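Engineer: whatever this is, show me its structure:
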Amino acid sequence: MQTKVTKAIFPVAGFGTRFLPATKSIPKEMLPLVDRPLIQYAIDEARAAGITDFIFVTSRGKSALEDYFDSAPELETALAENGKDALLATLQQTVMGSGAVAYVRQHERLGLGHAVWCARHLIGDEPFAVILPDDVIDADTPCLKQMVDAYGEFGGNMVAAMEVAPDQVSAYGILVVGSERGPALSVRGMVEKPKPADAPSNLAIIGRYILSPRVFKHLDALKLGAGGEIQLTDAIAKEIVEADNVHGYRFSGRRFDCGSKPGFLQATVAFGLQREELEDEFAAYLEGAMAEYRQRHTAKTAAAARVAAR
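Structural biologist: Model prediction:
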């Protein structure tokens, strides 16, 4: 029987430069997707998977994250006195119990592997999860819950995987795939951000991991890799060589890259249309907006054609 996974690391030390100037004063993880910040989606997914200990790897300027998970007595009292019980219940879901959350500083931004390494003393000798809040996954069964269930059978190390377009492989860690058993597959190798011509597959690692504490030993020995960073995939790849215990998991669900503007907007539309109190008005607006877009695009294309014909 595998050791239960109860700890999760959330690397949240990045600058969020793709969302400047908003992220000059607001952590990227606090950007709201409909009416909840990105970090709340990650926390809810972790809770659904049985995580009880939450470890945030942060940096300067991230105090809003700590405040978000704290209680707000004055606001809670005001909501209660005004009979806003539904809002009060929603607010209370953001409060983490005393001792459930720990914060570790990453003083140098040296990559995902380094961020995970910073939390090593809080993990000890237990398997643990890593969740990247940028990757928001819409699924009937939360992605990490799917993986935890599969981990109970396979153990070792497990990474979430999904197919990407061949021209996008250079943005991901890519798997060398071995045998497959349903959604789970053995991993024979990993290549970090390969050129499309060099990619062993188009099966990419997405921001959910369940890892053995042995990974910390590999991170201790690593030097800077692709992009001048300490790559988590390099440490996991050593587990393939030494223990042959790495699996990929093709999760069921839709993944949105909320670290990019297009992905964030796509997620906003998808999650907005799922909200019963918003869907009709929002869908009507989107239909009108798309009609206007097509009209403008048609007129622009026609104008360009006339210019070209001169």
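Engineer: what about the strands in the stretch 101-250 of the chain?
Structural biologist: Ranges of strands within the stretch 101-250 of the chain are 101-105, 128-131, 135-138, 157-163, 173-181, 184-192, 203-211, 246-250, based on DSSP state E, counting those that start in this stretch.
Engineer: among the ones you listed, which is nearest N82?
Structural biologist: Smallest distance to N82 across the strands of the stretch 101-250 of the chain (Cβ to Cβ): 28.8 Å, for strand 101-105. The C-beta positions use only the backbone N, C-alpha and C, and glycine is treated the same way.
Engineer: for the closest one, buried residues please.
Structural biologist: Buried residues in strand 101-105, counted by 16 or more other Cβ atoms under 10 Å: V101, Y103, V104.
Engineer: do stretch 130-143 as well
Structural biologist: Quick answer for stretch 130-143 (16+ other Cβ under 10 Å): V130, I131, L132, P133, D134, D135, V136, I137, P142, C143.
Engineer: using PDB, write out every CA atom in it.
Structural biologist: C-alpha atoms of stretch 130-143 as PDB (Å, rounded to 0.1, in the frame of the first residue of the first chain):
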ATOM      1  CA  VAL A 130       3.200  19.900  -6.700                       C
ATOM      2  CA  ILE A 131       0.500  22.100  -8.200                       C
ATOM      3  CA  LEU A 132       1.200  25.100 -10.500                       C
ATOM      4  CA  PRO A 133      -1.700  27.500 -10.100                       C
ATOM      5  CA  ASP A 134      -1.200  28.900 -13.600                       C
ATOM      6  CA  ASP A 135      -2.600  25.600 -15.000                       C
ATOM      7  CA  VAL A 136      -6.300  25.600 -14.200                       C
ATOM      8  CA  ILE A 137      -8.000  22.300 -15.100                       C
ATOM      9  CA  ASP A 138     -11.800  22.100 -15.500                       C
ATOM     10  CA  ALA A 139     -12.700  18.500 -14.800                       C
ATOM     11  CA  ASP A 140     -15.700  16.500 -13.300                       C
ATOM     12  CA  THR A 141     -13.200  14.700 -11.000                       C
ATOM     13  CA  PRO A 142     -10.400  17.200 -10.100                       C
ATOM     14  CA  CYS A 143      -7.100  16.400 -11.900                       C
END
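Engineer: my read: A100 touches I55, true?
Structural biologist: No: contact between A100 and I55 fails when scored by Cβ atoms under 8 Å: they sit 10.1 Å apart.
Engineer: check the average confidence over the longest helix along the chain, would you?
Structural biologist: Longest helix in the chain, counting residues (DSSP state H): helix 279-309. Throughout helix 279-309, pLDDT has a mean value of 90.
Engineer: check which helices and strands it sits against.
Structural biologist: The helices and strands touching helix 279-309, judged by 3 or more Cβ pairs under 8 Å, 6 or more residues apart in numbering; DSSP states H and E, are helix 261-273.
Engineer: what angle do the helix it packs on and helix 279-309 make?
Structural biologist: With axes from the mean of the first three to the mean of the last three Cα atoms, to 10 degrees applied, the angle from helix 261-273 to helix 279-309 works out at 140 degrees.
Engineer: what average pLDDT does helix 261-273 get?
Structural biologist: What helix 261-273 shows for mean pLDDT is 96.
Engineer: so what does that helix touch, helix or strand wise?
Structural biologist: Packed next to helix 261-273, using 3+ Cβ pairs under 8 Å, 6+ apart, are strand 32-33, strand 135-138, strand 254-257, helix 279-309.
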